[in-house]
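>>> Okay, sequence plus prediction incoming.
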Amino acid sequence: MNYQGSCHCGRVAFEVEGTIDSGLSCNCSMCGRKGSLLWFVPRDQMRLKTPEDAASTYLFNKHVIRHRFCPVCGIHPYGEGTDPKGNPIAAINLRCLEDIDLAAIPVHEYDGKSK
Ligand SMILES: [Zn+2]
């Protein structure tokens, strides 16, 4: 499936290919505040439709995840990082995708706070 995603104002837009099997709800200091529901895909399954620098970047902790957000509307549509093998991955915020039934997607709780 191909999904369209964006921030609220549209400055940051992308499309992503894949099957949404579940969403991850993390309680770390960042995700807990954002309330994001994450779906991890290989980075090459996501294609930005707006310039790379349309989104600002926030780093914290060990700086392993680049939290990308729109500097205009403040929404965080995705993050970027690498998996344990070093492959680039994207963490898509499912709440920023169009035409999906969020209530039908199983949510896994992740205790990022204790990591
Ligand atoms: Zn925006």
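Yes, it's here. Quick caveat, the model's predicted, so the values are computed rather than measured.
>>> Could you give the number of residues near D111?
9 (other Cβ atoms under 10 Å). The way it works is simple: take the backbone N, C-alpha and C, and place the C-beta from them, glycine included.
>>> ok, now which ones touch the residue lying closest to R68 once chain neighbours are set aside?
Nearest residue to R68, sequence neighbours excluded (Cβ to Cβ, 6 or more residues apart in numbering): A55, at 4.1 Å. By Cβ atoms under 8 Å, 6 or more residues apart in numbering, the contact set of A55 is C7, R11, V12, R68, F69, C70, P71, P77, Y78.
>>> Are any of those residues buried, and if so which?
C7, R11, V12, R68, F69, C70, P77, Y78 (16 or more other Cβ atoms under 10 Å).
>>> what separates the fifth one from E17, distance-wise?
With distances defined as Cβ to Cβ, to the nearest Å, the gap from F69 to E17 amounts to 22 Å.
>>> do the fourth one as well
From R68 across to E17, the span is 18 Å (Cβ to Cβ).
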